[in-house]
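Visitor: sequence and predicted structure are below.
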Amino acid sequence: EAQVTQNPRYLITVTGKKLTVTCSQNMNHEYMSWYRQDPGLGLRQIYYSMNVEVTDKGDVPEGYKVSRKEKRNFPLILESPSPNQTSLYFCASSFTTSGGIYNEQFFGPGTRLTVL
Amino acid sequence: GENVEQHPSTLSVQEGDSAVIKCTYSDSASNYFPWYKQELGKRPQLIIDIRSNVGEKKDQRIAVTLNKTAKHFSLHITETQPEDSAVYFCVSGQAGTALIFGKGTTLSVSS
């Protein structure tokens, strides 16, 4: 089954304790992205990757790191989480056609993170 | 930075009525405009998209219009049904750059 998976789905942690949220897709998509969703603010892009070893900052990259060593995986790293990073996080992936042209994004199920 | 304004933030209609959601974008280079629907507790899903070389696109009860000169695009839902109740997001972007989402419109369709 074609899908985007995220782990963990729920996480409660404390300020400063490094964490990684994994994202994996089995559709051979070039493009992957991370978003955070907060009430009243919609979806905001954190980082995106057009292909392996290529990553770029989105709207709200501060406090986050990403890497794209393999096509299927795009982990989100919070080196020193703070309470303002409490949010619902979505990973997404899509095909891109020649020149990086976007197509439909497929979203993962979401990870609800609480930082105390 | 680039911005997408989406209006209204909430919209309540009676079943069978039409619903219109409008978005304005700031980057004139944007050329891809998808719309996503997010039902309560679920992930966003694409419902329709339009590219800058097209002015209008329809898919059954859903249509999107694009005015590149005015830098705005709209989602039209006709004959609304209770299952259309959800949050709708407009998005603006261009090849290889960040995608910018609007803040969302909560549509409620009452029967």
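Guide: Nice, I can see it.
Visitor: state the pLDDT value of the residue of chain A positioned farthest from its centre.
Guide: Here the centre of chain A is the reference, and by CA atoms, centre = their mean the most remote residue is A:S98, at 23.3 Å. In the predicted model, A:S98 carries a pLDDT score of 74.
Visitor: contact partners for it?
Guide: Taking CB atoms under 8 Å, 6 or more residues apart in numbering or on different chains, we find A:S98 in contact with no residue. C-betas here are computed from N, CA, C, even on glycine.
Visitor: residue 85: neighbour count?
Guide: Just going to use chain A. A count of nearby residues for A:Q85, using other CB atoms under 10 Å in any protein chain shown, gives 20.
Visitor: sorry, I should have been clearer: chain B.
Guide: Under the neighbour criterion other CB under 10 Å, B:S85 is assigned a count of 17.
Visitor: I'd say it and B:I77 touch.
Guide: No. With contact taken as CB atoms under 8 Å, B:S85 and B:I77 are classed as non-touching, separated by 10.9 Å.
Visitor: give me the common contacts of those two.
Guide: Common contacts of B:S85 and B:I77 (CB under 8 Å, 6+ apart): B:L107.
Visitor: what about the strands in chain A?
Guide: Under the criterion DSSP state E, chain A carries strands at the ranges A:4-7, A:10-13, A:19-25, A:31-38, A:42-51, A:54-57, A:65-66, A:76-78, A:87-94, A:96-97, A:101-102, A:106-107, A:111-115.
Visitor: let's have those in CSV, adding distance to chain B and mean neighbour count.
Guide: CSV is the format used below for the strands of chain A (distance: least, CB to the nearest CB, whole Å; neighbours: other CB atoms under 10 Å in any protein chain shown):
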stretch, distance to chain B, mean neighbour count
strand A:4-7, 9, 18
strand A:10-13, 13, 13
strand A:19-25, 13, 19
strand A:31-38, 7, 24
strand A:42-51, 4, 22
strand A:54-57, 7, 15
strand A:65-66, 13, 18
strand A:76-78, 16, 19
strand A:87-94, 6, 23
strand A:96-97, 8, 13
strand A:101-102, 5, 19
strand A:106-107, 4, 21
strand A:111-115, 11, 18
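Visitor: distance to B:T106 added to those, as JSON lines?
Guide: Listed next are these as JSON lines, based on distance: least, CB to CB, whole Å:
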{"stretch": "strand A:4-7", "distance to B:T106": "24"}
{"stretch": "strand A:10-13", "distance to B:T106": "24"}
{"stretch": "strand A:19-25", "distance to B:T106": "27"}
{"stretch": "strand A:31-38", "distance to B:T106": "13"}
{"stretch": "strand A:42-51", "distance to B:T106": "11"}
{"stretch": "strand A:54-57", "distance to B:T106": "29"}
{"stretch": "strand A:65-66", "distance to B:T106": "30"}
{"stretch": "strand A:76-78", "distance to B:T106": "27"}
{"stretch": "strand A:87-94", "distance to B:T106": "16"}
{"stretch": "strand A:96-97", "distance to B:T106": "31"}
{"stretch": "strand A:101-102", "distance to B:T106": "25"}
{"stretch": "strand A:106-107", "distance to B:T106": "18"}
{"stretch": "strand A:111-115", "distance to B:T106": "20"}
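Visitor: could you measure from the residue in chain A positioned nearest to chain B over to A:S94?
Guide: Checking chain A residue by residue against chain B with CB to the nearest CB singles out A:G100 as nearest, at 3.5 Å. A:G100 sits 11 Å away from A:S94 when distances are taken as CB to CB, to the nearest Å.
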